[in-house]
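[1] Test case, fold it:
(chains A, B, C and D)
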2 protein chains.
Amino acid sequence: MTRPVRPLRADAARNRELLLAAAEDEFVERGVSASVADIARRAGVAKGTVFRHFATKEELIAAIVGGHLAALTAVARRLLDSADPGAALLEFLTVAADTRQQHDLTFLQTVSDGDSTVIEIRDQLYASIGALVDRARAAGAIRPDITGMDVVLLVCAPVHVAGNLPDPAPDLWRRYLAIIFDGLRPEGASPLPRPAPSWP
Amino acid sequence: MTRPVRPLRADAARNRELLLAAAEDEFVERGVSASVADIARRAGVAKGTVFRHFATKEELIAAIVGGHLAALTAVARRLLDSADPGAALLEFLTVAADTRQQHDLTFLQTVSDGDSTVIEIRDQLYASIGALVDRARAAGAIRPDITGMDVVLLVCAPVHVAGNLPDPAPDLWRRYLAIIFDGLRPEGASPLPRPAPSWP
DNA sequence: TAGCAAGTTGACCTGTGGGTCATTTTCTGG
DNA sequence: CCAGAAAATGACCCACAGGTCAACTTGCTA
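    Got it, this is the predicted structure:
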C-alpha cells in the first residue's frame, strides 16, 4: 500500500510538522478561508514550501483531518477493552467532544471528505464506534433502537450546540452531552420515527 | 426609529424581492461564498443594483437571516396559545427543524450576528422560546433543570446531526429530534454537570 | 569533503470577488 | 405628457487568493 518512498530529509520533515501545526492554528482562528500565505508565514516558511508538501490547500486540510480521525480511532479501540461498556461509550463521546472543543475543525470535514486517505481512516473510526455501541447495547446501557451510525452522527452535537453561543464556557458541552446521552438511555425512551441511516 | 422614508419605487421593490429570493437560493446551493455577481445574474439584475439595495454583502445576508428569524418568532408566538405546553414546545422544535431542513442557512448566522436589526429580531425569538419552555416546564413536560437558553441552543441540533450524512433522508432529523427531546423529558433524567448558560 | 538530489525561496501569474460610479433608463407626481 | 428624481446598468478598480517556477540553498551520502 505505502510504496517504499525514501524518508523525508530532516529539515523537510521538520517543516512538514511546523506547517501542519501552523495550519491547524490558523484554521481554528480564521476558518477555512485562512490563506496559505498566512499559514506559511506562521510556520516561518515560504509559500512555495507549502505546495511542495501539499499539492493543494485541500490536501493540506485532508492531512489535518486525517490526523485527528486517526487519534480518535485509537481512543475508541482502547476503550473496547473497558469493563463497563456503557461508561466506555460515554467516555468516548466525552473525549471526542473534548478534543473537538479545543480546536473545532468541523468545517474542514466537508472539504476533505473526498480524499481517499481520509475516507479510509474515517471508516476505521466508524467501525470502532460501531463496536463500542454494540457492546453498550448488549449491556443494556443504551436503548435497543440506537445504532452505531446514530452515535457517529451525534458525536459532534454537544460541542456544536454549545458553539451556538458567542463565547461559551469551555466545558458547557458537557451539559449537552449529558442531555443527549440521557436521550440514548433506555429509561423513558419513546419510539423513534425514522429508521436509522445505513452506512454512507 | 424608522424615519419617514418614502416608499420604494415599484420596480425597486420588485427587484428587492427578486434579489432576496435569488440570494437565498444561491447561498443554499453554493454556501456563503456564493458571489454577488451570481446572485445578481440569478435575479436577472445587474451587480450594481445589488449594492443599491444592500450596501454590502453582509447586509444582504442579514436581511435574509432577519426574515427567517421573524417567521420563526411568529410560529413561537402562535404556539403560546396552545392547550398542551409540552406538545407546543415539541411542535415548535419540529417546525424550526423543518424550515431549517428545507434551506440550511445556519452558516449565514455567523456573518450576520453583528447586525443590530438581526439582534433585535433574534432577542424577540429567544423571548418567545423562553416563554414556551417556561410553560412546558410548569406543565411537567420537560425536566426542571432545562432553561429557555438550553432549548435555543438545541434547536438546530437535529438538522445538524442529520446533515453530517452526505445525502440524508429529508426527514431523518425527526429521529434525532425524538432522541434529543427524550433527553429533555423528566423520565430517567440524570443530573446535569454544568449550569445553563445565561442570556448572551 | 565534494557533488548532487532534495528542499526552499519569493517574485510572478491568473482568476475572482467585493465594491464604485458616470452614464443611461425608468418610474411617477403634477 | 413631461420633467426630474429614483433606480438600474456594466465597465472598471483593487485587493487578495491559490498556484507555478527558475534560481538558489542545504542536508545527505559515497
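
[2] what about the helices in chain A?
    Assigned by DSSP state H, chain A shows helices spanning A:10-30, A:36-43, A:47-53, A:57-79, A:85-102, A:106-112, A:116-138, A:148-154, A:157-162, A:173-184.

[3] need the contact list for residue A:22.
    For residue A:22, the contact set (CB atoms under 8 Å, 6 or more residues apart in numbering or on different chains) comprises A:39, A:40, A:42, A:43. In this view, the C-beta of every residue, glycine as well, is placed from N, C-alpha and C.

[4] what about the last one, how many neighbours?
    If I follow you right, that is residue A:43. Counted with other CB atoms under 10 Å in any protein chain shown, the neighbours of residue A:43 add up to 21.

[5] which one is residue A:49 nearest to, not counting chain neighbours?
    Spatial nearest neighbour of residue A:49, excluding adjacent residues (CB to CB, 6 or more residues apart in numbering or on different chains): residue A:15 at 6.1 Å.

[6] So what's the residue count around the nearest residue to residue A:174 once chain neighbours are set aside?
    Leaving out its chain neighbours, the residue that sits closest to residue A:174 by CB to CB, 6+ apart is residue B:193, at 4.4 Å. Residue B:193 sits with 13 neighbouring residues when counted by other CB under 10 Å.

[7] Now residue B:193, what are its backbone angles?
    phi -70, psi -50 (degrees, to the nearest 10).

[8] on that earlier part again, surely the residue nearest to residue A:49 touches residue A:43?
    Yes - if you go by CB atoms under 8 Å, residue A:15 and residue A:43 touch, sitting 7.1 Å apart.

[9] about what we covered before: just give me the lowest mean pLDDT stretch among the helices of chain A.
    Mean pLDDT is lowest for helix A:106-112 among the helices of chain A, at a mean of 81.

[10] ok, it near DNA strand D or not?
    No - using CB under 7 Å from any atom of the strand, helix A:106-112 stays clear of DNA strand D, with a minimum separation of 10.7 Å.

[11] Report the buried residues of that helix.
    A:108, A:109, A:111, A:112 (16 or more other CB atoms under 10 Å in any protein chain shown).

[12] In the residues you listed, find the pair that's most separated.
    A:109 and A:111 (7.3 Å; CB to CB).

[13] Domain ranges for chain A, per the record?
    As assigned by automatic domain parsing, chain A contains the domains A:8-55, A:57-184.

[14] Distance check, the residue nearest the centre of chain A against residue B:101.
    What sits nearest the mean C-alpha location of chain A, by CA atoms, centre = their mean, is residue A:69, with 4.8 Å. From residue A:69 over to residue B:101 the distance is 27 Å, taken as CB to CB, to the nearest Å.

[15] So residue A:188 sits against residue B:187, correct?
    Yes - look at residue A:188 against residue B:187 with CB under 8 Å: they come within range, at 2.9 Å.

[16] Mind checking which of these two has more residues around it?
    residue A:188 (15 against 12).

[17] can you pull the contacts of that one?
    B:182, B:185, B:187, B:188.

[18] Return the residues of chain A in contact with DNA strand C.
    A:6, A:8-9, A:11-12, A:15, A:45-49, A:52-53.

[19] Using CSV, lay out those residues together with neighbour count.
    Converted to CSV, these look like this (neighbours: other CB atoms under 10 Å in any protein chain shown):
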residue, neighbour count
A:6, 5
A:8, 12
A:9, 9
A:11, 8
A:12, 12
A:15, 19
A:45, 18
A:46, 12
A:47, 13
A:48, 8
A:49, 17
A:52, 13
A:53, 17
